[in-house]
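Engineer: need the 3D shape of this:
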Amino acid sequence: MLRKKSKSVSSIEVKPYAACPAKSFTASSGCIRPGRSVESHCQIVGEVAKELIHRFPLQGIFPKGSAYLAATHDIGKVSPTFFNKIMRACSLERVPNANPDLERAWGGHAGVSQATAKAMGAPEYVPEILGQHHGFSPNLAGKRADAEVFGGTLWQKEREKLAKNLSESLDEDWPQIESVAQARLLAGLTSVADWIGSGHHFEDPEAPWEEKITQALDDAGFVPVSYQQNLSFEQVFGFAPRLAQSTLIEQASRPGVYVFEAPMGLGKTEAALYAAYKMLANGQASGIYFALPTQLTSNKIFERFQGFLASVLADECHHRSLLLHANAWLFDTELGEEGRPGGAWFNQSKRGLLAPFAVGTIDQALMAAMNVKHGFVRAFGLAGKVVILDEIHTYDAYTSTLLDALVSLLRELHCTVIILSATLNQERRQGLLKRSVTSIGYPLITASHNEENMAQEVSVPAGKSSRVEIVIKPDEATAIEHVLLCAEQGQQVLWIENTVKDAQQRYLDIAARAADLGVACGLLHSRFTANDRQQIEDKWVSLFGKSGWQDRQKQGRILVGTQVLEQSLDIDADFMVTRFAPTDMLLQRLGRLWRHSETPRCSEAKPKVWVLAPALDAAIEAPETHFGASAYVYSPYVLCRSLEVWQDIKHVNLPKDIRGLIERTYCSRTEKNASMSRWLRDLEEGNRHRKGLNALRQLARIGLSEGGNTLPESKAQTRYSESESYEVLLLKAMTRNRTGDTATLTLLNGEQLELPLQRHKLTKPEWRQRTAVLMRQIVNVPQGDKPNALSMATLKSFGLGHCFYLGNPDWPEDESLLRVALVDASDRLQGVEHNDVHDKHALEYRDDLGYRVIKNRGK
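Structural biologist: Numbers count the residues shown, from 1 in each chain. The predicted structure is shown next:
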């Protein structure tokens, strides 16, 4: 009787692991040949990881075996399909019966690494870490390490031999991982070590590599930082600290979570930075990540952050020049494969997480606590740092689940978390701290040291108080007339809308009439290119800030904008009109009104705000009708609860009334009104416009699970408001030369940029410089407003694959976030190859209006 052939036996010819290449190598001539062996590459990555651990400012957070874990990431490249992938690229003979295109079905070589480690009995979390080292979970669909498509038993034996050899050379075995947080830390270490170990220092397979480890880490920016010692608060900032600031500094003296609730203008930022300096100088932290709600606000805070760094870094610090220039980290560090132009991690907003000091968005930090592509690299980048979370509000119900998960993760990663807010309620503060709180004082500092289960609450002085008159208006028509009158008198007016579209329309309503009156009018929102945004921001933030005091009374001005005007900008208006928003956002906006008592003002000016809001009863019955677009930006339930609080208010005393307004808006209650009950249910369970809180709790699961559904970043929406995921590259023209080896891109200002279609034609610094120029031509837009996609082949045919990440073909869900459109002479957007730029609407870009969607009525 014939026995059935075992599934683990394969007819595929086996190659010894020492003969298996890890990469191809492109010589200066353009010739492609096999690069380093899998064994050599794995050894390099193990040694890079060992040196990264050695250089990490806080010792003891990486368990023994971490470097070996990183080294084994690519053992799955010892497989017939991957071997043939390299042979095909080099036009060399392949082994029969192994189709390299099949790799997409199981996530490529990383899936084979995961299956191999599992078959070898690796400790918990280790197989999944190896499987996810390219950022996403491989779909093994039950395949075992000895599956025929992986080469059967013989190829598996070669992988096991390689793993054993690496263990002996590194004198380590796989680590015992104690928690999910530690697993994410090691997953991040593995990916970063792989990126550096794949960099240009190690590309040539003939060149020795051992002596290049130090230089590779230096070039990647992982250089120890040194600080000035024993600086006083006054030496750093030029003025003595207030009592509230001193109290935070005293409390935040060791790792823990600290919440500083105080009104706008009390110096929360300086207090948090000085507390961070003390932690750094004492060796209790590895760096600072300062997180703000949007990229626009983080750009402005960076200037203040630079001044702080200039004061606290030691004169001899090697990092000094790198850290004190906005794009130096982008230009001057070499982060290997994924961190090069065209790699998934080149973008400054991501790479900043790996720098010792960075200002960025809260969204980038939140993704450290999500099962999103490379979320664990973000966790590695934040480990041990002082993480300052600014502008945290009670309203952010959408992000509250994620934020709670992030704060818990950061505790386990030996971080110090400082949360700054003007508008938290007691319930949210308790959720963030995971500790019981009782105080309703305001301002308030709540301290929770990592090793203690108690929270200490300390009330602090409020500082100066102010009284603002509140006028509720039903629509914008009378408000437009009134702001023109105020500006004609010489007042400096802010008008804040909740959507970019509405802000653009208000600007169009006002600008021409303002010009006839001799009044200046500007528009600020998030959908400008970086170049245009910086010019607008520099002009208007200066005019409305302290530096503009000498020009303030030369003419009246109206600045129209979105939520970016309520966040972290030191601007001071004489009069304000705002679209209705949740209570905490309204209070933030009031903080931009009569901000400084010494500001020179028009004699007619009074601290007054007009709030554009519907009648409460009508809004409760049909919020989308009566709140308009705001009901798609903010939860209708929270808008109705807020309007219930504000509808009869005539004056607000700041900061005295802040706590009461927030608690009245957000206190939990049972809704007896049928409509309010429905909107509450929508908030919790979601609707067709947004996920509910219950679904968000699923996003906050940070486990490394086999076959887990890793989200691409484009789908990892972390905020309700300003949810802008797609990058649109705006150009005047794109052409290819006659020989077809170079593309010429014409920028919006008329300058031209040449991109060779072959990467080896330019050095890496030259590619970084060109990419940085193009990144300043980018506008971020929401999904519904993005231009139609171009094929990856078309994008590559203009050289853009060397500058921007265009997705991973092994992971179909990982689509390119890049869209490209041409701006014609009439400011309309056109398709690159005469294709429709949008299926439903016309698009345009103007340097005064930004990126704009024009509805095509009648279609």
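
Engineer: contacts and neighbour counts: CA atoms only from here.
Structural biologist: Fine.

Engineer: so what's the nearest residue to residue 805 once chain neighbours are set aside up against?
Structural biologist: Distances taken as Cα to Cα, 6 or more residues apart in numbering place residue 342 nearest to residue 805, at 4.5 Å, with adjacent residues excluded. For residue 342, the contacting residues are 800, 801, 802, 803, 804, 805, 806, by Cα atoms under 8 Å, 6 or more residues apart in numbering.

Engineer: how about a cut-off of 10 Å?
Structural biologist: 767, 768, 771, 799, 800, 801, 802, 803, 804, 805, 806, 807 (Cα atoms under 10 Å, 6 or more residues apart in numbering).

Engineer: give the buried residues for the strand or helix carrying residue 153.
Structural biologist: Taking DSSP states H and E as the criterion, residue 153 maps to helix 152-170. Judged by neighbour count using 16 or more other Cα atoms under 10 Å, the buried positions of helix 152-170 are 152-163, 166-167, 170.

Engineer: starting at the chain centroid, how far to whichever helix or strand comes after it?
Structural biologist: The helix or strand immediately downstream of helix 152-170 is helix 180-197, counting by DSSP H and E. The chain centre lies 18 Å from the centre of helix 180-197; the measure is Cα atoms, centre = their mean, to the nearest Å.

Engineer: pull the CA atoms of helix 180-197 into PDB?
Structural biologist: The C-alpha trace of helix 180-197 is given here as PDB (Å, rounded to 0.1, in the frame of the first residue of the first chain):
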ATOM      1  CA  VAL A 180       2.100  44.200  25.200                       C
ATOM      2  CA  ALA A 181       3.800  47.500  25.800                       C
ATOM      3  CA  GLN A 182       7.200  45.900  25.900                       C
ATOM      4  CA  ALA A 183       6.300  43.900  22.800                       C
ATOM      5  CA  ARG A 184       5.600  47.100  20.900                       C
ATOM      6  CA  LEU A 185       8.800  48.600  22.100                       C
ATOM      7  CA  LEU A 186      10.800  45.600  20.800                       C
ATOM      8  CA  ALA A 187       8.800  45.600  17.500                       C
ATOM      9  CA  GLY A 188       9.800  49.200  17.000                       C
ATOM     10  CA  LEU A 189      13.400  48.500  17.800                       C
ATOM     11  CA  THR A 190      13.400  45.600  15.300                       C
ATOM     12  CA  SER A 191      12.000  47.800  12.500                       C
ATOM     13  CA  VAL A 192      14.300  50.700  13.100                       C
ATOM     14  CA  ALA A 193      17.400  48.500  13.400                       C
ATOM     15  CA  ASP A 194      16.400  46.900  10.000                       C
ATOM     16  CA  TRP A 195      16.000  50.300   8.400                       C
ATOM     17  CA  ILE A 196      19.500  51.400   9.500                       C
ATOM     18  CA  GLY A 197      21.000  48.000   8.700                       C
END
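
Engineer: mean confidence for that helix?
Structural biologist: On average, the pLDDT along helix 180-197 is 95.

Engineer: so what's the residue count around residue 659?
Structural biologist: 21 (other Cα atoms under 10 Å).

Engineer: hmm, who's touching the helix or strand harbouring it?
Structural biologist: Assigned by DSSP H and E, residue 659 falls within helix 658-666. The contact list for helix 658-666 (Cα under 10 Å, 6+ apart) reads 261-263, 393-395, 422-428, 440-443, 582-584, 587, 638-646, 652.

Engineer: would you mind writing the CA trace of that helix as PDB?
Structural biologist: Extracted in PDB, the C-alpha atoms of helix 658-666 (Å, rounded to 0.1, in the frame of the first residue of the first chain):
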ATOM      1  CA  ILE A 658     -14.700  77.600  32.900                       C
ATOM      2  CA  ARG A 659     -15.100  74.600  35.300                       C
ATOM      3  CA  GLY A 660     -18.900  75.100  35.700                       C
ATOM      4  CA  LEU A 661     -19.500  75.500  31.900                       C
ATOM      5  CA  ILE A 662     -17.500  72.300  31.200                       C
ATOM      6  CA  GLU A 663     -19.200  70.200  33.900                       C
ATOM      7  CA  ARG A 664     -22.700  71.300  32.900                       C
ATOM      8  CA  THR A 665     -22.000  70.400  29.300                       C
ATOM      9  CA  TYR A 666     -20.400  67.000  29.900                       C
END
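
Engineer: would you mind listing the buried residues in it?
Structural biologist: Buried-residue list, helix 658-666, by 16+ other Cα under 10 Å: 658, 659, 661, 662, 663, 665, 666.

Engineer: same for the following helix or strand past that helix, what does it pack against?
Structural biologist: Next in sequence after helix 658-666, counting helices and strands by DSSP H and E, comes helix 674-685. Counting contacts by 3 or more Cα pairs under 10 Å, 6 or more residues apart in numbering; DSSP states H and E, helix 674-685 packs against helix 397-412, helix 616-621, helix 636-646, helix 693-699.

Engineer: find the residue at the geometric middle of this protein.
Structural biologist: residue 364 (2.5 Å; Cα atoms, centre = their mean).

Engineer: chain neighbours aside, what residue packs nearest to it?
Structural biologist: residue 350 is the one closest to residue 364 (Cα to Cα, 6+ apart), at 7.0 Å.

Engineer: ok so that neighbour is a strand residue?
Structural biologist: No: using DSSP: H, G, I helix; E, B strand; the rest coil, the secondary structure at residue 350 is helix, not a strand.

Engineer: mean confidence score for stretch 152-160?
Structural biologist: Regarding stretch 152-160, the rounded mean pLDDT is 96.

Engineer: run the chain-centre distance for that stretch.
Structural biologist: On Cα atoms, centre = their mean, the centre of stretch 152-160 falls 41 Å from that of its chain.

Engineer: check the secondary structure at residue 624 for me.
Structural biologist: Put simply, residue 624 is helix when judged by three-state DSSP.

Engineer: that one against residue 632, yeah?
Structural biologist: Yes: in this structure residue 624 lies within contact range of residue 632 using Cα atoms under 10 Å: 7.5 Å.

Engineer: model confidence for the residue nearest to the centre of the chain, exactly?
Structural biologist: So, for residue 364, pLDDT stands at 86.

Engineer: what sits against it?
Structural biologist: Contacts of residue 364 by Cα under 10 Å, 6+ apart are 291, 292, 293, 349, 350, 352, 353, 375, 378, 713, 718.

Engineer: swap in residue 113?
Structural biologist: Residue 113 touches 72-79, 119, 127-133, 145, 159, counting by Cα under 10 Å, 6+ apart.

Engineer: among these, which are in helices?
Structural biologist: 119, 127, 128, 129, 130, 131, 159 (DSSP state H).

Engineer: state the pLDDT value of the second one.
Structural biologist: At residue 127 the predicted local confidence, pLDDT, stands at 95.

Engineer: domain parsing for this protein?
Structural biologist: 17-219, 242-459, 466-685, 726-854 (automatic domain parsing).

Engineer: helix, strand or coil for the residue lying closest to residue 13 once chain neighbours are set aside?
Structural biologist: Nearest residue to residue 13, sequence neighbours excluded (Cα to Cα, 6+ apart): residue 95, at 6.2 Å. For residue 95, the assignment made with three-state DSSP gives coil.
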